[in-house]
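Student: I need the structure of the sequence given here:
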Amino acid sequence: MQEFYEIVSLATKEQRQNLAELTNSGFGSSSEILCNHIRYLRCGSIGQLFWNSSWKQIVTDVADRIGIDWSDVFNGRTWLELSTQEIEGAVVVKLFQNMLDQLTPEQRQQIIMDLRRESDDPNLEGFLLSGGAMFAAKMSGFGVYLLASTVLGSLTSALGIALPFAVYMGVSQTLAFVLGPVGWAALAGSVLFSINQPNWNRLGLSVIYISTLRYSTT
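Tutor: The predicted structure follows:
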């Protein structure tokens, strides 16, 4: 968990508190407590005492749970050659694609237009036109941040988690306006992880939020 610890240690107190809220950490938001809480979410109260794997493994487990197309992500490389950041990006892309799939053509077009206005990254436009996790590796950090912020806005709204307005990009607010309050209930069932254990939803939120922290703490 050294990689996770280093990222949250560079984050501000407010950012760590946001992560604690997203993961439902009831014992504080220090870097050490957040690391232990992530272990708890992954393995439970007993299992966390014996679990000693990496943040990359947790991100990979979340990617498996949401059905990542590994052939798309690997692109001829082995798992060991992939960075944790690349796998996080693939998770963000997959959840963003799931979200777009549930929107009407008009809603989808509005979101895509707003994303294009926020970024001039040509690889972001390539992803919007054709999808595919391979574009996550090619997009700029800001492009990934845009997608992650938008997904985070949809998931937190669906789960009823309130974070400061500054956490989200403007496109997330557009999404909220496009869907309206009734739309979140329909979106939640398709974007959230299709499993019964709530810890995986919290782990998924932590993966998305850590992805945004990579670009806001550098």
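Student: any idea how many residues pack against the closest residue to Val8 other than its chain neighbours?
Tutor: For Val8, ignoring the flanking residues on the chain, the nearest one in space by CB to CB, 6 or more residues apart in numbering is Ser31 at 4.8 Å. All C-beta atoms are positioned from the backbone trio N, CA, C, and that covers glycine. Number of residues near Ser31 (other CB atoms under 10 Å) recorded here: 18.
Student: now swap in Asn201 and tell me
Tutor: Asn201 has 22 neighbours, counted by other CB under 10 Å.
Student: list the contacts of the residue nearest to Val8.
Tutor: Ser31 makes contact with Tyr5, Val8, Ser9, Arg16, according to CB atoms under 8 Å, 6 or more residues apart in numbering.
Student: any idea which element the second one lies in?
Tutor: It refers to Val8. If you go by DSSP states H and E, Val8 is part of helix 2-10.
Student: just the CA trace of the following helix or strand past that helix, in CSV.
Tutor: Once helix 2-10 ends, the next helix or strand along the chain (criterion: DSSP H and E) is helix 13-23. Coordinates of each C-alpha in helix 13-23 appear next as CSV, following Å, rounded to 0.1, in the frame of the first residue of the first chain:
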residue,chain,number,x,y,z
LYS,A,13,-6.4,17.7,4.7
GLU,A,14,-9.6,18.5,2.9
GLN,A,15,-8.8,16.0,0.1
ARG,A,16,-8.1,13.3,2.7
GLN,A,17,-11.4,14.1,4.4
ASN,A,18,-13.2,13.8,1.1
LEU,A,19,-11.6,10.3,0.6
ALA,A,20,-12.7,9.4,4.1
GLU,A,21,-16.2,10.4,3.3
LEU,A,22,-16.2,8.4,0.0
THR,A,23,-14.9,5.3,1.7
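Student: so the following helix or strand past helix 13-23 versus helix 2-10, what angle?
Tutor: Later in the chain than helix 13-23, the nearest helix or strand by DSSP H and E is helix 31-47. Relative orientation of helix 31-47 versus helix 2-10 (axes from the mean of the first three to the mean of the last three CA atoms, to 10 degrees): 140 degrees.
Student: any idea how far the residue nearest to Val8 is from Val62?
Tutor: Going from Ser31 to Val62 by CB to CB, to the nearest Å gives 20 Å.
Student: cool, and Arg202?
Tutor: Separation of Arg202 from Val62 (CB to CB) stands at 10 Å.
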